[in-house]
Each structure stands twice: as structure tokens, then as C-alpha cells.
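Peer 1: From the sequence below, what's the structure:
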Amino acid sequence: MNKAELIESYARGAQQLRDAVKGMTRDQLEARPVAGKWSTLEVVCHIADFDIRSEEHTSELQSPYVISYAVFCLKK
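Peer 2: Numbers count the residues shown, from 1 in each chain. Just a heads-up that it's a prediction; the model follows:
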């Protein structure tokens, strides 16, 4: 994957995340089906926070490694 493809894939990640939780109720988002593990809402918030931080670092560093790591995390 070249740099442009990585950036495009990264940019699609936010919509993929929205699509993944679309239609879930608040109760479903906050549910913890596995004791001691994060809810869907907590995971989404974590990804959003990471996304913001990685954008800040990416603009400073212009590193394809930061972008590819963010893409990897969003595809999990």
C-alpha cells in the first residue's frame, strides 16, 4: 500500500466505525457482555481519541508508520 492509499484507507475508517455501530441502542452501546472488558461505547471513544492524537502526530511527523498503525487499529 502506498502513502496515498494508506491515507485514503485511514480516512474511510471513521465512516466504517459509524457504520459498525449504526442502529445500536444506548443500552447496547453501554453493555459489557464480558465482565471487566470495555463496552462498545468505550471502544469507540478510545478509537476516536486515538484518531485525534494520531492526526496530530501525523501532521507533525508525516510518518506512514503512524498512519498504517491507525489503519490497522481501525480494521480490528
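
Peer 1: Tyr10: how many residues sit nearby?
Peer 2: 21 (other Cβ atoms under 10 Å). C-beta coordinates here come from the backbone N, C-alpha and C atoms, glycine included.

Peer 1: element containing it, please.
Peer 2: helix 3-21 (DSSP states H and E).

Peer 1: Can you pull out the low-pLDDT segments for this structure?
Peer 2: 51-76 (pLDDT under 70).

Peer 1: try 80 this time
Peer 2: 1-3, 6-7, 10-11, 48-76 (pLDDT under 80).

Peer 1: mind listing the helices for it?
Peer 2: Using DSSP state H, the helices of the chain run over 3-21, 26-30, 40-61, 64-75.

Peer 1: related to what we said a few turns ago, check which helices and strands the helix holding Tyr10 is in contact with.
Peer 2: Other helices and strands packing on helix 3-21, by 3 or more Cβ pairs under 8 Å, 6 or more residues apart in numbering; DSSP states H and E, are helix 40-61, helix 64-75.

Peer 1: try 6 Å
Peer 2: On a contact count with 3 or more Cβ pairs under 6 Å, 6 or more residues apart in numbering; DSSP states H and E, helix 3-21 meets helix 64-75.
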